[in-house]
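Trainee: build the 3D model from these lines:
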Amino acid sequence: MIIGIGVDVVDMPRFAGSLVRTPGLAARLFSERELNQPGGKGENTVSQAARFAAKEAVAKALGAPAGLRWHDCEVLVGERGKPYLEISGTVLETSKEQNITRWHLSLSHDGAIATAFVIAENV
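Mentor: Sure thing, here's the model as predicted:
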């Protein structure tokens, strides 16, 4: 059963500008594991923008409760480049409260927009 869905879009040039204007922002938004994934660091902000959109989409799928921490939702790359979510802390607690047992994630980008779509499911 689907418990929640979330979608978010990020304007990549705007996001890149935020990273430049705010030193340390990437470290506040992304864990070390995320930053060490392909596309995690460097000039290319496409992957970072998509990961940020995914974190926002997860929050929306959970109903946007207060107190979620950025590092408690990691967007990682699995086999064959497939992205997946690894949750802990505040996001895991909220997921358990809502009986969420499985997450589905899709990321995309085109032009200047990165998009993430998330489904929270109880199976």
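Trainee: show me what the helix or strand bottoming out on mean pLDDT in the chain is packed against.
Mentor: Least confident helix or strand, the chain: helix 32-35 with a mean of 90, by mean pLDDT, DSSP states H and E. Helix 32-35 is packed against strand 73-77, with contacts defined by 3 or more Cβ pairs under 8 Å, 6 or more residues apart in numbering; DSSP states H and E. Where you see a C-beta, it was placed from the backbone N, CA and C, and this is true even at glycine.
Trainee: can you count the residues close to Glu32?
Mentor: Look at Glu32: counted by other Cβ atoms under 10 Å, it has 11 neighbours.
Trainee: which helices and strands does the longest helix along the chain pack with?
Mentor: Longest helix in the chain by number of residues, with DSSP state H as the criterion: helix 46-61. Judged by 3+ Cβ pairs under 8 Å, 6+ apart, helix 46-61 is in contact with strand 2-11, helix 12-21, helix 25-29, strand 73-77, strand 83-87, strand 102-110, strand 113-121.
Trainee: contacts for stretch 11-20, please.
Mentor: Residues from elsewhere that reach stretch 11-20 (Cβ atoms under 8 Å, 6 or more residues apart in numbering): 25-26, 45-46, 48-49, 52, 109, 112-114.
Trainee: please repeat the previous calculation with a cut-off of 10 Å.
Mentor: 10, 25-26, 29, 43-46, 48-50, 52-53, 109, 111-114 (Cβ atoms under 10 Å, 6 or more residues apart in numbering).
Trainee: put the alpha carbons of it into CSV.
Mentor: This file holds the C-alpha atoms of stretch 11-20, laid out as CSV (Å, rounded to 0.1, in the frame of the first residue of the first chain):
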residue,chain,number,x,y,z
ASP,A,11,16.7,24.8,-10.5
MET,A,12,20.3,23.7,-10.9
PRO,A,13,21.8,27.2,-11.6
ARG,A,14,20.1,28.6,-8.5
PHE,A,15,21.2,25.6,-6.4
ALA,A,16,24.8,26.0,-7.7
GLY,A,17,24.7,29.7,-6.7
SER,A,18,23.5,28.8,-3.2
LEU,A,19,26.5,26.4,-2.8
VAL,A,20,28.9,29.1,-3.9
